[in-house]
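Undergrad: Only the shape, not the letters, is given here:
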């Protein structure tokens, strides 16, 4: 190799390395966005995973720099472009393969479940609650939280939020209904199906003035995508992709309220005050006894649900 060729090679070598680093950066961003979470779940009040604004801004600066190099020296720019495209295509192909690889997905889920099991504080939280409410049952409450979660998924997909009224606070119910109404107006449906709850546990409990706050952590695998109501065309996400989702559910009740030992558990089908079937008015009142049952005065009520990292 003559001297001139060596000089040219050493001149473009740093830029080739830079292109490789950019490609690897993009690969990491894509991998994080597709294997961590899928959040078409618009009922969630929290954020989702994916590429953060810091990642996007950093990537934009690098791309702008590369464009400047391309304009200044087309030869160097062309080499960088080829390297970048090759790495990008390789990363994209790998992610697409992982997205349809059931064994890979199962390994990811099992790994997450094992990690989350180390964050189970059910026994500690239950002991704390039983110190002021001896009849509290962690098993029954976890069963109730799981049932509430599944009812939310069903109502979200059918776009009928009325069945959720008995166990959501007024603020949360109105917020979710507003979000769902937007889907109805736009002629879209966020389908959530094939749900499997992998972990559910009590996470924390605190007395906060005139109310008690109990937090539940729940993790589930699900299919989550958006379709056009008329054409049934998939608009967002992948109907064949399983997503591993983590949620925090927050329940409130009036301070000093005790668990009724005569009840089999926390029911979402009966008024906690009179025991009648739950026919709840728009203001959250029982149609039989007139009690407001969605403010935590008689039993636990869901006040928030959001995705967590």
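TA: Looks like it arrived, so ask away. Just so we're clear, the structure is a prediction, and the values are computed from it rather than from any experiment.
Undergrad: show me where pLDDT drops low in the chain?
TA: 1-63, 65-67, 69-70, 76-77, 80, 94-110, 112-114, 116-118, 264-296 (pLDDT under 70).
Undergrad: For it, just list every one of the helices.
TA: Listed in chain order, the helices found in the chain under DSSP state H are 3-35, 53-72, 74-99, 102-117, 122-130, 138-158, 170-186.
Undergrad: contacts for the shortest one?
TA: Counting contacts by C-beta atoms under 8 Å, 6 or more residues apart in numbering, the residues outside helix 122-130 that touch it are 136, 138, 142, 201-205, 214. Using the backbone N, CA and C atoms, a C-beta is placed for each residue, glycine as well.
Undergrad: between these, which is nearest residue 240?
TA: Nearest to residue 240 among the contacts of helix 122-130 is residue 201, at 29.7 Å by C-beta to C-beta.
Undergrad: my guess is that closest one contacts residue 145, does it?
TA: No - counting by C-beta atoms under 8 Å, residue 145 is not a contact partner of residue 201; they are 9.3 Å apart.
Undergrad: So these two - more neighbours on which side?
TA: residue 145 (25 against 21; other C-beta atoms under 10 Å).
Undergrad: ok, the more buried one touching residue 217?
TA: No - the criterion here is C-beta under 8 Å, and residue 145 misses it with residue 217 at 9.5 Å.
Undergrad: quick one: common contacting residues for these two?
TA: Common contacts of residue 145 and residue 217 (C-beta under 8 Å, 6+ apart): 200, 249.
Undergrad: just to revisit the earlier point, identify the contacts common to residue 201 and residue 145.
TA: residue 216.
Undergrad: Buried among the contacts of helix 122-130? Make that a PyMOL selection.
TA: One line in PyMOL is enough to select the buried members of these, burial here meaning 16 or more other C-beta atoms under 10 Å:
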select buried, resi 136+138+142+201+202+203+205+214
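Undergrad: for the contacts of helix 122-130, which one is nearest residue 242?
TA: residue 201 (21.6 Å).
Undergrad: how near is that closest one to residue 247?
TA: Relative to residue 247, residue 201 is positioned 12 Å away (C-beta to C-beta, to the nearest Å).
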